[in-house]
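Asker: Below is the structure, and that's it, no one-letter string:
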């Protein structure tokens, strides 16, 4: 478990697939800025199993964002594929949005990735209209790079996405991750 000040990140386990499946298929949880997808439980289990079997060059990790009392308030993950960078994404349950949980979880994951891997860059995409996500990513240290036009098909139309990133030389030390003394 990765410990922050207000939230912790706990790796998702096979036993969590029921909850992951429930969240993934609830269109009200993913929000209006994300692509609409539905999956069977079997498909979720297959994706989970496949993500656990990839080599380091294709690393994928998914965490629950938990409050200190263990309450699951969202998820956050990162993946890379034969590259020197990770792409990350997060989702927070509606009743826990605008409380800073995702900002801390994002900074916590950035700390972990830079401390545990030689990765040079961490990036994220956000819908241009999703001001909450953009603020969260920028507060966590990512900088806007540009707009990817007509990048994602979201609720019946093509949406522009903002590319944000942080590179290793901009990250100097852990901002949130608590390390052993």
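Answerer: That came in fine, so what should we check first? The shown structure was predicted, so the numbers you read here are calculated from the model rather than taken from an experiment. Numbering: from 1, shown residues only.
Asker: all strands of this structure, in order?
Answerer: For the chain, the strands defined by DSSP state E occupy 2-3, 7-11, 60-67, 72-79, 85-92, 121-127, 143-154, 157-167.
Asker: In a markdown table: these, plus mean neighbour count and distance to residue 43.
Answerer: C-beta here means a position set from N, CA and C on the backbone, and glycine is covered the same way. Shown next, in a markdown table, are the strands of the chain (neighbours: other C-beta atoms under 10 Å; distance: least, C-beta to C-beta, whole Å):
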| stretch | mean neighbour count | distance to residue 43 |
| --- | --- | --- |
| strand 2-3 | 16 | 28 |
| strand 7-11 | 20 | 20 |
| strand 60-67 | 21 | 15 |
| strand 72-79 | 20 | 17 |
| strand 85-92 | 21 | 18 |
| strand 121-127 | 21 | 23 |
| strand 143-154 | 13 | 19 |
| strand 157-167 | 17 | 24 |
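Asker: Format these as a markdown table; extra columns: mean pLDDT and distance to residue 179.
Answerer: Below are the strands of the chain laid out as a markdown table (pLDDT from 0 to 100; distance: least, C-beta to C-beta, whole Å):
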| stretch | mean pLDDT | distance to residue 179 |
| --- | --- | --- |
| strand 2-3 | 93 | 10 |
| strand 7-11 | 95 | 14 |
| strand 60-67 | 92 | 18 |
| strand 72-79 | 94 | 19 |
| strand 85-92 | 93 | 20 |
| strand 121-127 | 96 | 19 |
| strand 143-154 | 95 | 25 |
| strand 157-167 | 96 | 19 |
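Asker: Residue 179 and residue 61, how far apart?
Answerer: Distance of residue 179 to residue 61, computed by C-beta to C-beta, to the nearest Å: 19 Å.
Asker: repeat for residue 128
Answerer: 27 Å.
Asker: isn't residue 159 right next to residue 151, touching?
Answerer: Yes: because the distance of 6.9 Å satisfies C-beta atoms under 8 Å, residue 159 is recorded as touching residue 151.
Asker: now the strands of the chain in TSV, with distance to residue 17?
Answerer: As requested, the strands of the chain are arranged in TSV below (distance: least, C-beta to C-beta, whole Å):
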stretch	distance to residue 17
strand 2-3	21
strand 7-11	13
strand 60-67	11
strand 72-79	13
strand 85-92	16
strand 121-127	25
strand 143-154	25
strand 157-167	28
